[in-house]
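In: Predicted coordinates and the sequence they were generated for:
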Amino acid sequence: AEQNKGEEDSSPEDVSRHMTAAREVMKEARNSGISASGEILHQYLRTLCAAGLLEETVEALKEAVERDERVLMESFSLIAVRHAKGGDFDTADYICKELYPSACGEEMPRNVIGRIINLRDPKKRRNK
């Protein structure tokens, strides 16, 4: 068995501590007039996911895009796939078809779209 798979292994207390630290790092970076790096933003978004705050992840992505901050493709992918796993395909589609293209000037990579399609239609996935 794989040890330390990630946020699924975190206790509620750990998640709360991580959320506090993540929010402080983001706040400090922005208050200092520095755009948060893509990596810091990505870890912040992962922490929000671990805490079950998926709606907040979309708002954080939108805010970063509006601030013209560097956002990793992996961040868009993470949030889109997490929403799809939760059954919120409208939000996953919004991220893939609207938010990512407006921020990056290109379509979401096909492998990400494929993951969402597989989550949307699990029967199709099993028959592959």
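Out: Sure thing, it's come through. A quick note: this is a predicted structure, and the numbers were derived from the prediction, not measured. Residues are numbered from 1 along each chain as shown.
In: Before we move on, what's the pLDDT of residue 122?
Out: Listed pLDDT for residue 122 reads 76.
In: May I have the phi/psi pair for it?
Out: Main-chain torsions, residue 122, degrees, to the nearest 10: phi -60, psi -30.
In: Make residue 1 into 782 and carry on from there
Out: Let's use 782 as the start, then, which means that last one is residue 903.
In: can you give me the helices in this protein?
Out: Using DSSP state H, the helices of the chain run over residues 793-812, 819-831, 835-847, 854-866, 870-875, 881-885, 891-901, 903-907.
In: Is it possible to get CSV of those helices that adds mean neighbour count?
Out: Where C-beta positions appear, they are placed from N, C-alpha and C, glycine not excepted. As requested, the helices of the chain are exported to CSV (neighbours: other CB atoms under 10 Å):
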stretch, mean neighbour count
helix 793-812, 14
helix 819-831, 20
helix 835-847, 17
helix 854-866, 21
helix 870-875, 17
helix 881-885, 16
helix 891-901, 15
helix 903-907, 9
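In: got the end-to-end distance for stretch 876-884?
Out: 10 Å (CA to CA, to the nearest Å).
In: mind checking how far the residue sitting nearest the centre point of the chain is from residue 872?
Out: By CA atoms, centre = their mean, the mean C-alpha position of the chain lies nearest to residue 860, the distance being 2.9 Å. Counting by CB to CB, to the nearest Å, the gap from residue 860 to residue 872 is 8 Å.
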